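Participant: Task: produce atomic coordinates for the following.
(2 chains)
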Amino acid sequence: MSSRGGKQKKGNVTSEQEEEEQPLQAVLVADSFNRRFFPISKDQPRALLPLGNVAMIDYTLEFLTSTGVQETFVFCCWMSNKIKDHLLKSKWCRPTSPNVVHIITSDLYRSLGDVLRDVDAKNLVRNDFILVYGDVVSNIDVSQALQEHRHRRKVDKNISVMTMVFKESSPGHKTRCEEDDVIVAMDSKSKRVLHYQKTQGLKKLQFPMNIFQHGSDEFEIRHDLLDCHISICSPQVAELFTDNFDYQTRNDFVRGILVNEEILGNQIHLYVTQDGYGARVSNLQMYDSVSLDMVRRWVYPLTPEANFTDQQGQGCTHSRHNVYRGAEVSLGHGSQMEENVLIGRDTSIGANCHISNSVIGNNCTIGDNVVLDRAHMWNNVHVSSNVEIHQSVVCDGAVVKEAVRLNKQCVLAYNVVIGPNLSLPEGTVVSMHHPEEEEEDDDDEFLSDDQEVGHTFNPAEVGPEGKGYIWKASMNDTEDEELAQCLWAFQLEVLGTLQRGLEENIVCDNLVLEINSLKYAYNITLKEVMQILTRVVLEYPFQQQGTQLTTLQYTGSLLPLLKTWSPVFKNYIKRAQDHLDCLSAVEELFLEQDTHQTAMVKVLMKMYQLEILEEEAILKWFSTGATNDKSRQLRKNQGVSTTYRAYTEQQERHCVGKGIFFSMEGAVRRTSVCGTVRPVQTPGLNTEVFLSSSAPEVYPVVERSRG
Amino acid sequence: MGSAIEAKTHKNMPGADKEADLTERIEAFLADLKRGGCGTGPIRGSGETARETTALLRKVTAQARWSSAGDLMEIIRKEGRRMTAAQPSETTVGNMVLRVLKIIREEYARSRGSSEETDQQESLHKLLTSGGLSEENFRQHFVHLKANVIEAINELLTELEGTTDNIAMQALEHIHSNEVIMTVGRSRTVEAFLKDAARKRKFHVIVAECAPFCQGHEMATNLSKASIETTVIADAAIFAVMSRVNKVIIGTQTVLANGGLRAVNGTHTVALAARHHSTPLIVCAPMFKLSPQFPNEEDTFHKFVSPHEVLPFTEGEILSKVNVHCPVFDYVPPELITLFISNIGGNAPSYIYRLMSELYHPEDHDL
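Facilitator: Modelled structure (predicted):
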């Protein structure tokens, strides 16, 4: 039996390999830690959302298994029970599965960093592991990347801690996610990452000089890369996350490693592949493109008809033009499935429908004369006749009544009813959850109508028989939210630092040092640092003594603080633009605290005296950029100062006129609004002093801005 | 954690352990089949797939619980259905399942001492009445059946081992000195066939590269290593070059029941060009590639893989504007084929039906 002999030989080889290499492990993060899929992900965790009628996490697990991963740790946070149930039912938890799946749940994970710190704390990984999110769809063969990674680790004594897998794809590729666009500078030979930067919203990119002087002959700066969100990590990665408790995301980590490369000596490498497919479904746009890519067979062999999840009744057939049909699909007379259509089992479609580039789930009913283009319908959806759906997502149990038109990028979340006779504008998001209930703890997944006491459906928005609320949040501003969160955390840290500085009498230089390190930790621009610093300092009295302070008390406690911390300010406010930014931060704060607007003059005065702000900047700020009513009003208060300066210097006739006009109107308004006129007058006298001295230099600026 | 405990409980009962091991092997094989062939065709040749399938079925026979031939056939059928469903384009798997079923039938008949099953005489009458010979006839228990079946499967395995050599041995009968031979893509069988002929004769091979996977390049490299004069041509040049060619020798993925081929993309072009120039077209196909499938069974017949090879994913914007397809197989109708060379000798396409009835039992054609 030579065949048997061959087999045994093979077996020996693999066992030898296993001796030197321990089983390959993977960490799968089944939580996105963001809200890009809100409000859909309110009812179902993102990893379980269907992509081509298969939960996304199944793609990820199949990818891991096919690359030879033998042990996977699935970390869940949001709706962990659902994920657990799903996995326990799936083929991954069968005893015959070559990939042993461990599910680890905790409500305390807030970021990738938390997960990896937990990996380290529990000591789960023993060797190099693959790190992926639960929404990665890929068929890339990472074994070569793995080999390269291991080879580097062997040769360079564990210097390389991580290999990131990227797929080559030119800019403008529809499967490239704008948020994840990066520019990477790397050493051509060693594939070492020298510089890594997200490019979203940037028009100008800066590279540190030292990467060009690193001694390698050749290096590449690449923007034609699609981040697959697959990384091969050494166990050190988890340790590094523990050591640096401020790392939240992989980005933080990569930046941290690159910044500290010289100190810690860790390196990150890149693996760029041309073959295979790999993308992360990181938002709804990506969902649309990845889903279509899958139907177009880019992810072969993970195609719909392969039924790789091995579930009963999920099989479907594949015919020309990439039309897939599940079992028991019925199609009415004259209906056309043009191309790239996937229809789940037990779905019935009426007559004269046109369907293209769409995925329809199981158990859906679709009426007559329906047009579907790039529609993503999940299970149990009912669509009545004469409906048009373009590039939209319709979740489980949704009902679309007669003659409804969904324009591009609409989302109908779970169990929503729309119509009849309605056209939803582009980008409409409808959910059964009211946008304002967000903060409430929702234990029940499905809110029936009876529970909706406080809110009623708006028939103008969702149609006469409609059920659901319009979500104003478009897909994009969640990013800002994330940034805002980051800034908020930073602000708290700065406040803490200053507080401690005051209590323990720390030298300003050290405070600057601390704030700088915070800046790096949160990756915040200098401008934001300065604005937040200004804000924190100005809010400090409120923080300490409550918001009930009178204006006098406020200024009384603030001015000494300004004096104490003036070196800190001076450190951050250097260029002319910094001055303006600082002023705008001041303005912003006083716009919010409108009862204390009168204190602003004093603050500006003090800042001028402490040489934090230059008079030129103050005047420039004053003369330009009143963007809305409120800020205009604020300037009117300040207008008093101009008046004084104008009176004393008696220059520039029409400026004077304007100044008087400002102050008059301002005064009237002030009395009507809050009635604290007096405090303004007193600082006004002081203001005169500094403004008059600087007047000659300033006028040209004023004039220019008018001309 | 749970799996560890389960594994322990299994160990307490050796039978269950065996069975668990068996299902694990089957699952692994299925997963392999499903993942098999990322674009450039299966990683292993179909010969290897055939051997693995047969070895796995032998394991099933040896380890599964069955008491009569009927039970065993039911088990094999069930597993066979799963295996063929895992990768419908890999017909070899299904063929091997049918072969094993046939073996069981024969062994059962022999154990019973009747010559009915070995009597291969097929008539219309028999085909019509064969439904009457149903499963209850296989209920009888025989002690030696298991050993006999395994022995027969072992014989089948030996046969599979030797197929390529058997085919290659016939090379000298078909290839003469100073001939120009054309082939398309890469076939392990054709490669062995040509190399065998090259030991004694000098001839020239033209290889069509077979885009988009271009397996032809690999073929040409291998042939030139065996010091055969080799030329690679683009697929577009097939017709132009055909007038100089004396013989076309190709491999195939499947030989269909009507004598047609399901072969790699581009084979149809070659066959048509050969017919136009009256060049003989010889197909090297081991017996295990003979499938009872007819070419009209639409859905599983074609296999579309990732369009990456046709239009790289790196292209960018254009991808959202076009639809790209990348089919793997061509259908070549039987009238374009001159001769099949299998491990048991040369046959005309019209004779395929006969081979089919020798290899498979008519009742098994649908698993």
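Participant: So B:Ala86 is in contact with B:Lys34, correct?
Facilitator: Yes - counting by C-beta atoms under 8 Å, B:Lys34 is a contact partner of B:Ala86 at 5.0 Å. (Each C-beta comes from the backbone N, C-alpha and C, glycine too.)
Participant: Which single residue of the stretch 51-200 of chain A approaches chain B most closely?
Facilitator: In the stretch 51-200 of chain A, the residue that lies nearest chain B is A:Ser170 (3.5 Å; C-beta to the nearest C-beta).
Participant: Spatially nearest residue to that residue, not counting backbone neighbours?
Facilitator: Excluding the flanking residues, the one nearest A:Ser170 by C-beta to C-beta, 6 or more residues apart in numbering or on different chains is B:Gly316, at 3.5 Å.
Participant: How about B:Leu223?
Facilitator: Nearest non-adjacent residue to B:Leu223 (C-beta to C-beta, 6+ apart): B:Thr230, at 4.6 Å.
Participant: and what of A:Phe37?
Facilitator: In space, A:Phe37 is closest to A:Arg46, 5.2 Å off (C-beta to C-beta, 6+ apart).
Participant: Distance of the one you found relative to A:Ser358?
Facilitator: 21 Å (C-beta to C-beta, to the nearest Å).
Participant: These two: which is more packed in?
Facilitator: It is A:Arg46, of A:Arg46 and A:Ser358, that has more neighbours when counted by other C-beta atoms under 10 Å in any protein chain shown, with 28 against 25.
Participant: Shouldn't B:Gly162 be within a helix?
Facilitator: Yes - applying DSSP: H, G, I helix; E, B strand; the rest coil, one finds B:Gly162 inside a helix.
Participant: returning to that earlier point: for the residue of the stretch 51-200 of chain A closest to chain B, the count of nearby residues, please.
Facilitator: When counting by other C-beta under 10 Å, one arrives at 18 neighbours for A:Ser170.
Participant: go on, A:Asp346?
Facilitator: Neighbour tally, A:Asp346, other C-beta under 10 Å: 18.
Participant: Now A:Val512: closest residue in space that isn't a chain neighbour?
Facilitator: Once flanking residues are discounted, A:Val512 sits nearest to A:Asn571: 4.9 Å by C-beta to C-beta, 6+ apart.
Participant: Tally up the residues packed near that neighbour, please.
Facilitator: Neighbour tally, A:Asn571, other C-beta under 10 Å: 17.
Participant: SS state for it?
Facilitator: helix.
Participant: roughly how far apart are it and A:Ile612?
Facilitator: Counting by C-beta to C-beta, the separation of A:Asn571 from A:Ile612 is 10 Å.
Participant: low pLDDT regions in the chain?
Facilitator: You didn't pick a chain, so chain A it is. A:1-21, A:214-215, A:437-455, A:473-484, A:547, A:594, A:624-707 (pLDDT under 70).
Participant: Actually, chain B is the one I wanted.
Facilitator: In chain B (pLDDT under 70), the answer is B:1-16, B:36-44, B:114-137, B:297-300.
Participant: quick one, strands of the stretch 251-367 of chain B?
Facilitator: Applying DSSP state E, counting those that start in this stretch to the stretch 251-367 of chain B gives strands spanning B:254-255, B:261-264, B:281-284, B:329-332, B:339-342, B:345-347.
Participant: Of those strands, which stretch is the most buried?
Facilitator: strand B:254-255 (a mean of 28; mean count of other C-beta atoms under 10 Å in any protein chain shown).
Participant: counting contacts, what elements does that one pack onto?
Facilitator: Under the contact criterion of 3 or more C-beta pairs under 8 Å, 6 or more residues apart in numbering or on different chains; DSSP states H and E, strand B:254-255 touches strand B:261-264.
Participant: Direction included, what does the strand it packs on pair up with?
Facilitator: Note on strand B:261-264: by DSSP bridges, its sheet partners are strand B:254-255 (antiparallel), strand B:329-332 (antiparallel).
Participant: Give me the contact list for it.
Facilitator: B:41, B:91, B:184-185, B:210, B:215, B:250-256, B:267, B:283, B:285, B:295, B:301, B:328-332, B:337 (C-beta atoms under 8 Å, 6 or more residues apart in numbering or on different chains).
Participant: which ones among those residues are found in helices?
Facilitator: B:Thr91, B:Gln215, B:Thr267, B:Phe301 (DSSP state H).
Participant: Who are the contact partners of residue 113?
Facilitator: Going with chain A. A:Gly113 neighbours (C-beta under 8 Å, 6+ apart): A:Phe241, A:Phe245, A:Tyr247, A:Gln248, A:Thr249, A:Asp252, A:Phe253.
Participant: picking up where we left off before, in CSV: the strands of the stretch 251-367 of chain B, plus distance to B:Glu48.
Facilitator: Formatted as CSV, those follow (distance: least, C-beta to C-beta, whole Å):
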stretch, distance to B:Glu48
strand B:254-255, 16
strand B:261-264, 17
strand B:281-284, 17
strand B:329-332, 19
strand B:339-342, 18
strand B:345-347, 23
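Participant: what about the residue nearest to A:Phe37, distance to chain B?
Facilitator: 24 Å (C-beta to the nearest C-beta, to the nearest Å).
Participant: what do you get for A:Gly466?
Facilitator: A:Gly466 is 33 Å from chain B, by C-beta to the nearest C-beta.
Participant: In this model A:Asn421 seems to touch that residue, though I could be wrong.
Facilitator: No - using C-beta under 8 Å, A:Gly466 is not in contact with A:Asn421, being 10.6 Å away.
Participant: neighbour count winner among the two?
Facilitator: Per other C-beta under 10 Å, whichever of A:Gly466 and A:Asn421 has more neighbours is A:Gly466, with 23 against 13.
Participant: next one: phi and psi at that one?
Facilitator: phi -70, psi 160 (degrees, to the nearest 10).
Participant: what residues are up against A:Pro396?
Facilitator: To be clear, residue A:396 is Asp; Pro isn't right here. Applying C-beta under 8 Å, 6+ apart, the residues near A:Asp396 are A:Gln44, A:Gly361, A:Trp378, A:Asn379, A:Asn380, A:Val381, A:Tyr414, A:Asn415.
Participant: part of a strand, is it?
Facilitator: No - going by three-state DSSP, the assignment for A:Asp396 is coil, not a strand.
Participant: Could you measure from it over to A:Gln314?
Facilitator: 16 Å.
Participant: okay, now residue 91: neighbour count?
Facilitator: Went with chain A since none was named. 19.
Participant: Actually, chain B is the one I wanted.
Facilitator: A count of neighbours around B:Thr91, defined by other C-beta under 10 Å, yields 25.
Participant: What distance do you get for the nearest residue to B:Thr49 once chain neighbours are set aside to B:Glu155?
Facilitator: Nearest non-adjacent residue to B:Thr49, counting by C-beta to C-beta, 6+ apart: B:Thr92, 5.0 Å away. Distance, B:Thr92 to B:Glu155, by C-beta to C-beta: 18 Å.
Participant: And these two? Which one has more around it.
Facilitator: Here B:Thr92 and B:Glu155 are compared on neighbour count by other C-beta under 10 Å; more neighbours surround B:Thr92, at 28 against 11.
Participant: quick revisit: from the ones in helices among the contacts of strand B:261-264, which would you call buried?
Facilitator: For the ones in helices among the contacts of strand B:261-264, a burial check counting by 16 or more other C-beta atoms under 10 Å in any protein chain shown picks out B:Thr91, B:Gln215, B:Thr267, B:Phe301.
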